[in-house]
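here is a sequence with its predicted model. Questions after.
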Amino acid sequence: MKVLEAISTIAGKYFAVWVICIAVIAFIAPTPFLIFGGYITILLGIVMFGMGLTLKAVDFKLILTNPIPVIIGVCAQFIIMPLSAYLIAYIMNLPAELAAGLVLLGCVPGGTASNVMVYLAKGNVPLSITMTSFSTLLAPIATPSLLLLLAGKWMPVDPMAMFLSIIQVIIIPIILGIFIRKFLPRVVEKSITVIPLISVVAIIIIVSAVVAGNAHSLATAGFLVFIAVMLHNAFGLLLGYFTALALKLDESNRRAISIEVGMQNSGLGVALATAHFGPLAALPSVLGAVWHNISGPIIATYWSKKPADKIQTANAPLDKSEGKANIQ
């Protein structure tokens, strides 16, 4: 078990490297990876089951005790990312399937990797976990509704079919994981450190399958889509931060909301795109899985060198009677 724990730690730490490597290999030699194409939905279900095993009631406590940052963050997630994806696809005049895929990437909830990035960035980790969990639970309603509103310009959207897909792939595995954690806590606690390894392997296989199945499309349109995904991610990180700033949240909350808004559940985007739009529409989510795990560590490393409490003190309101920062 200790060996598996060590491997799991390494797998999680260098996740972005593994994703990039497997994407390059699958692009150069796609044939061996094509066999995994039919297992994308099952693999994502495994990732979500792992998420369910890690969830506790306390992860939703903030919704009741301090709901304002959660509401701001989740609203920003489902407003900024879908609208920015729509505008980027429209301005760049992306082909219909790629445009719908980018909008889909913008409409999925936050990804679990964001929780680690927020921790490294010295942000509000409980807020990050709550946002991820809450936005994921809202996804069956929010994602199909937003897609119907925004992506219908490019591709037909069946919201009921997508609703059922999200329930099957996301909600049921998460609920199953929560129940198993509740009734078999000792078993879960012994195996919890291995869960990141399982999730990393599953996501790597998903990425390899979609890259292999779209190697030709990547060669012709990959650069254009990558630019679109980079812009989309940048809008999420920047607008998420400045939304929290404008609404006067403290620095640790700004960082959490920024990263949560900017990093999407790319695996869900891949599964939904493949099932409902076509393999080409999965490209933005595949490239998102790669880029989000590059930009996330970069911004987390930058913020890790700037303690949130010092920044908050520097931004504290001036005490008029003393003419200096009022430190509470």
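Right, received. Where do you want to start?

just the CA coordinates for stretch 60-72, please, in PDB.
In PDB, the C-alpha atoms belonging to stretch 60-72 read as follows (Å, rounded to 0.1, in the frame of the first residue of the first chain):
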ATOM      1  CA  PHE A  60     -21.200  21.700   2.000                       C
ATOM      2  CA  LYS A  61     -21.200  23.500   5.300                       C
ATOM      3  CA  LEU A  62     -20.100  26.900   3.800                       C
ATOM      4  CA  ILE A  63     -23.400  27.000   1.800                       C
ATOM      5  CA  LEU A  64     -25.200  27.400   5.100                       C
ATOM      6  CA  THR A  65     -22.700  29.200   7.200                       C
ATOM      7  CA  ASN A  66     -21.200  31.700   4.700                       C
ATOM      8  CA  PRO A  67     -23.200  31.400   1.400                       C
ATOM      9  CA  ILE A  68     -22.200  34.700  -0.200                       C
ATOM     10  CA  PRO A  69     -18.700  33.700  -1.500                       C
ATOM     11  CA  VAL A  70     -20.200  30.400  -2.700                       C
ATOM     12  CA  ILE A  71     -23.000  32.000  -4.500                       C
ATOM     13  CA  ILE A  72     -20.700  34.600  -6.100                       C
END
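
for that stretch, buried residues please.
60, 62, 69-70, 72 (16 or more other C-beta atoms under 10 Å). Just so you know, the C-beta spots here come from the backbone N, C-alpha and C atoms, and that holds for glycine as well.

again with stretch 120-138
Going by neighbour count (16+ other C-beta under 10 Å), the buried part of stretch 120-138 is 120-137.

again with stretch 48-58
Along stretch 48-58, these residues count as buried under the neighbour rule (16+ other C-beta under 10 Å): 48-55.

next structured bit after the lengthiest helix in the chain?
Among the segments of the chain that qualify as a helix by DSSP state H, the longest is helix 215-246. Once the chain leaves helix 215-246, the next helix or strand it forms, by DSSP states H and E, is helix 251-262.

if we can go back for a sec, show me the buried residues of stretch 48-58 that map onto strands.
Using DSSP state E, no member of the buried residues of stretch 48-58 sits in strands.

could you dump these into TSV and include distance to Ile28?
Shown next, in TSV, are these (distance: C-beta to C-beta, whole Å):
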residue	distance to Ile28
Met48	30
Phe49	32
Gly50	30
Met51	32
Gly52	36
Leu53	35
Thr54	35
Leu55	38
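
Pro284 is in contact with Met230, isn't it?
No: applying C-beta atoms under 8 Å, one finds Pro284 not in contact with Met230, separated by 10.8 Å.

more crowded one of these two?
Taking neighbours as other C-beta atoms under 10 Å, Pro284 and Met230 compare with Pro284 leading, 34 against 16.

quick one: the more buried one from Gly177, how far?
Look at Pro284 and Gly177: by C-beta to C-beta, to the nearest Å, they are 28 Å apart.

show me what whichever strand or helix holds Leu83 is packed against.
Here Leu83, judged by DSSP H and E, is contained in helix 67-91. In terms of contacts (3 or more C-beta pairs under 8 Å, 6 or more residues apart in numbering; DSSP states H and E), helix 67-91 is packed against helix 61-65, helix 96-107, helix 125-150, helix 215-246, helix 251-262.
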